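>>> Provided below are the primary sequence and the corresponding predicted coordinates.
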There are 2 protein chains.
Amino acid sequence: MKLSNRINNMKFSPIRKLSPYAEDARSKGLRVLGLNIGQPDIETPPQFFDALGSYDSKVLKYSESRGETVLIDSFIKYYKDFDVEFNRKDMIITNGGSEGLHFALYATCNPDDEVIVPEPFYTNYSSFTDIAGCKVKPLTTYGEDGFHLPGKEKFEEIITEKTRAILISNPSNPTGAVYTREEIEMLAQLCLEHDLFLISDEVYREFVYDGEKAYSPLKIEEIQQHVILIDSISKRYSACGARIGLIASKNEEIINSVMKMAQARLCVPTLEQIAAASLYATPQSYFDEVKEEYQARRDVLFEGVSAIEGVQVKKPAGAFYMMIRLPIKSAENFCKWMLTDFSYKDTTLMMAPAEGFYFTEGLGVNEVRLSYCINIEDLKLGVEILELGLKEYKKTQE
Amino acid sequence: MKLSNRINNMKFSPIRKLSPYAEDARSKGLRVLGLNIGQPDIETPPQFFDALGSYDSKVLKYSESRGETVLIDSFIKYYKDFDVEFNRKDMIITNGGSEGLHFALYATCNPDDEVIVPEPFYTNYSSFTDIAGCKVKPLTTYGEDGFHLPGKEKFEEIITEKTRAILISNPSNPTGAVYTREEIEMLAQLCLEHDLFLISDEVYREFVYDGEKAYSPLKIEEIQQHVILIDSISKRYSACGARIGLIASKNEEIINSVMKMAQARLCVPTLEQIAAASLYATPQSYFDEVKEEYQARRDVLFEGVSAIEGVQVKKPAGAFYMMIRLPIKSAENFCKWMLTDFSYKDTTLMMAPAEGFYFTEGLGVNEVRLSYCINIEDLKLGVEILELGLKEYKKTQE
């Protein structure tokens, strides 16, 4: 039985690719520190679980395709606090940020149309473009520059008649880069001049350290018809398993069109929406504490890996990821070897080889993405294991 | 800003199309009987809500991309009771049956490939093929035949080199037809001879009346590599808002490939899965009572509409829908008129014009789909309103 080319061409998630080896390590009795995945260990605000019980019907009914009004209104309030005015008709609740991205790409791109994405990028962006049949045009960013964007002219070199959108994650997964106001204004200018959509994935908005804040294209009045916002409660409230996301735009035609896709999949789970709406009441102290905790983790991880011989890294400003370059040839082989052949204090490490985050062949082969979603003590142990593992691995390579 | 052709070509749901008129009617103080939508009024088994509280972590974590093992195992047990043996690796939990359909079409069809679908069909089938860029080849079935399938030669007339799959809903939404064992065997033969997938949407499996049972292609050993099952808990347990579905196949390549799409969207909501797993414990008496209730509703609706002058209808054997032909020119105009201009006892009716369920232009224009998801008393009132409305409407057409 022949399957479709598009499914054959799709890749498995590089983040979850090494899972079988981690399973094997666990079955040998080892502890596996998961530095590969963005699953926070922070507690979900308890009102989420309490609100599940507030559903007042004995029949678990379909929700509206647009989403539960109470949840949409809570997003409106959240954005009002962020000085952005949205109306109900500007928003559609999605199955996580993932579905929002999927909708945005389908609504803007025909097959073979092009989307410019700074690389390295969140690996599922290319899963979604593969499914949608549109093409990623990567624009490489570099660790040496803290993965900041190249100049406007670099974008213009790769814009063609087929280019429909620029897609960014800001703060960035996987690099932790937070784009400056100037960078966002440059993107806005590009979108205006070349009539492009700007798909802005801002799910890590709250995770910016050292007292800084992320700047959003939502703040630039002139390009509101171009901006498609992707948001999610997954990271903000440590509620990844709720799968509650948002697509929003002031461009009425976009949201009306996305509504057709939203109707086709009927709705997002009803109870999760009601529970998610309760999260708007989360006090500022929760975010302050969480941010403080992540900043401390970042610092521990950064200082730890910086001190390892041969490791190259710049301190990232946001999200909870760090891309580091290792003094080895193949990060994938090394990550696999760590799971199959190395442990220290009955513990080993799972990391995400960075090659899968680059679109351009041959880039990122000696880089890994580390997430700092685990506690400081374990992060310290992780750094120790990485250092010892690298030493040991190098011997096997001689 | 130019949107994609595929989004521009997609249609809004015909089931939800008249919603604004229903809203207007409600705002005038009228009660609107919803015969348009398959939202059962039956209570969800209470253990679903109880099980939500059994999640034992304070962090709402991602689930596995394949789904929670406890839920997969509950589907395995359900299918064992149905005399079908599945393993964990044969199944992936989906966001409702909708996502399963979406996955099945993407995995089997390239853009421009063809899928044969008996019409009238569930309108979102063409939403999904529109998004996937593949083509529906409709095979018309007729009310006079109880919407049963035409002979094998009719299928063979429209099979081309581009045909990749046959997609059925059995019991059928929107017709209520339940295909006979001979019909399913004929489809199996077609799939073997022409190397086609058989995408079998069996979400209404439990809703077959008069002591009959639905036959499934899962029972035919020789075609297991061809069958892709779509299932959902939405109707079976009156849990539409949970959005828990299933895609399953004995064809390992299919499920492995679908796994790539499942990984790209990360996972289905964690809590809904845990709660859904509890539903396997629903006692047989629940299904017996529900079936008895639906059968009684079908009988009331069927007898009622049969007695209306000029209405043509055959008694459907399953699901909870009925397609009826009305003695008017445009069902869409009539349905709209009922909401805007007619009421009886301060109540009016919302029906789904059937044109949207046909792919072939011009078919179904004087038909409506009625669902019988509301209680018998209201169904009786609904029939009365339909009869009076038709009389009144005919006067306006003279």
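Nice, thanks for sending it over.

>>> hey, let's count contacts and neighbours off CA atoms from now on
Will do.

>>> Could you list the residues in contact with the helix or strand that contains A:Y79?
Taking DSSP states H and E as the definition, A:Y79 sits inside helix A:69-81. Contacting residues not belonging to helix A:69-81 are listed as A:85-88, A:91-93, A:273-274, A:276-278, A:280 [CA atoms under 8 Å, 6 or more residues apart in numbering or on different chains].

>>> Give the other helices and strands that the next helix or strand after it contacts.
Note on helix A:69-81: by DSSP H and E, the next helix or strand toward the C-terminus is strand A:91-95. Strand A:91-95 sits against helix A:69-81, strand A:244-248, helix A:252-264, with contacts defined as 3 or more CA pairs under 8 Å, 6 or more residues apart in numbering or on different chains; DSSP states H and E.

>>> and strand A:91-95 with helix A:69-81, angle?
If you take axes from the mean of the first three to the mean of the last three CA atoms, to 10 degrees, strand A:91-95 sits at 110 degrees to helix A:69-81.

>>> CA-only coordinates of strand A:91-95, as CSV, when you get a sec.
In CSV, the C-alpha atoms belonging to strand A:91-95 read as follows (Å, rounded to 0.1, in the frame of the first residue of the first chain):
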residue,chain,number,x,y,z
MET,A,91,-9.6,35.4,18.1
ILE,A,92,-10.1,31.7,17.7
ILE,A,93,-9.2,29.2,20.4
THR,A,94,-7.0,26.4,19.1
ASN,A,95,-5.7,22.9,20.1
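
>>> I'd like the average pLDDT over it.
For strand A:91-95, mean pLDDT rounds to 98.

>>> how about the residues of the stretch 251-398 of chain A that lie near chain B?
For the stretch 251-398 of chain A, the residues in contact with chain B (CA under 8 Å from any CA of the partner chain) are A:254, A:257-261, A:263-272.

>>> Would you mind listing the buried residues in the helix holding A:Y79?
Within helix A:69-81, the residues scored as buried using 16 or more other CA atoms under 10 Å in any protein chain shown are A:T69, A:L71, A:I72, A:D73, A:S74, A:F75, A:I76, A:K77, A:Y78.

>>> Same check on stretch A:77-93?
Residues of stretch A:77-93 classed as buried: A:K77, A:Y78, A:F86, A:D90, A:M91, A:I92, A:I93 (neighbour count, 16+ other CA under 10 Å).

>>> ditto for stretch A:218-226
A:L218, A:I223, A:Q224, A:Q225, A:H226.

>>> try stretch A:374-389
Applying 16+ other CA under 10 Å to stretch A:374-389 flags A:I374, A:I376, A:L379, A:K380, A:L381, A:G382, A:V383, A:E384, A:I385, A:L386, A:E387, A:G389 as buried.

>>> Now do the residue nearest the centre of chain A against A:Y125, distance only.
Ranked by distance to the mean C-alpha position of chain A (CA atoms, centre = their mean), the top residue is A:N173 at 4.4 Å. Noted for A:N173: a distance of 11 Å to A:Y125, by CA to CA, to the nearest Å.

>>> Ok, A:N9 next?
The spacing between A:N9 and A:Y125, counted by CA to CA, is 14 Å.

>>> the more surrounded of these two?
Taking other CA atoms under 10 Å in any protein chain shown, A:N9 and A:Y125 do not tie; A:Y125 has more neighbours (20 against 12).

>>> Nearest residue to A:Q263 in space, please, no chain neighbours.
For A:Q263, ignoring the flanking residues on the chain, the nearest one in space by CA to CA, 6 or more residues apart in numbering or on different chains is A:S65 at 5.3 Å.

>>> the longest helix in chain A is where?
helix A:284-306 (DSSP state H).
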